[in-house]
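Colleague: Got a predicted structure here, sequence first:
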Amino acid sequence: MTAAAVHPASTPALPLHPMAMKLGHLGLVPFVLGALLVWLIGDRNLDAHYYAALGLSAYAALIISFLGGIYWGLAFVSTSHSPQPFVWGIVPAAVAWMAVMMPAYAGLVLHGVMLIVCYLVDRRLYPSLGASAWLTLRFRLSAVAALSCFLAAAGS
């Protein structure tokens, strides 16, 4: 069964843009570097450790908020009149904000979980919004980002 048969009001497929792929991969640098810094600094310098973990947490929150915002953009160009993308679009930002306010060992876990949840929601909603071609890239980016958050949480 095709996506159009399941979602009759689906939008045309949005193609992958090479620049978006490059920038998406480049966006993993702060995740990997942040996790690496948390472990390299360790307990030797608690101030630096705190700021490395906070920096990673803030960046994760920014990216998670961006993932929610994508739904607003897709909903604006969609022929569907469902409120679901708009409602879901604010959830990641709210959860990410809460995670930044938590201690790093807990907040970074919540960020990692939220990155996975966002991907799972994307798998369900992207096809109806014409963005299913992006799912492979989203999986790769989400896996590395979530793993970085989990590893940094373990080092906090």
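Modeller: Cool, the structure landed.
Colleague: can you tell me the average pLDDT over stretch 89-97?
Modeller: Averaging pLDDT along stretch 89-97 gives 95.
Colleague: Tell me the buried residues in that stretch?
Modeller: 89, 91-93, 95-96 (16 or more other C-beta atoms under 10 Å). Where C-beta positions appear, they are placed from N, C-alpha and C, glycine not excepted.
Colleague: what does stretch 55-72 give?
Modeller: 56-61, 63-65, 67-68, 70-71.
Colleague: Select, from these, the two members most distant in space.
Modeller: Longest distance between any two of those is 24.1 Å, between 56 and 71; criterion C-beta to C-beta.
Colleague: pLDDT averaged over stretch 102-117, what's the number?
Modeller: 97.
Colleague: If you count neighbours, what's buried in that stretch?
Modeller: 104, 107-112, 114-117.
Colleague: pLDDT weak spots in the protein?
Modeller: Low-confidence segments of the chain, defined by pLDDT under 70: 1-14.
Colleague: tell me the helices in it, going along the chain?
Modeller: All helices of the chain, identified by DSSP state H, fall at 3-6, 18-26, 29-41, 46-77, 84-101, 104-125, 135-154.
Colleague: rewinding a little: which member of the buried residues of stretch 89-97 is positioned nearest residue 80?
Modeller: Nearest to residue 80 among those, with distances taken as C-beta to C-beta, is residue 89, at 14.0 Å.
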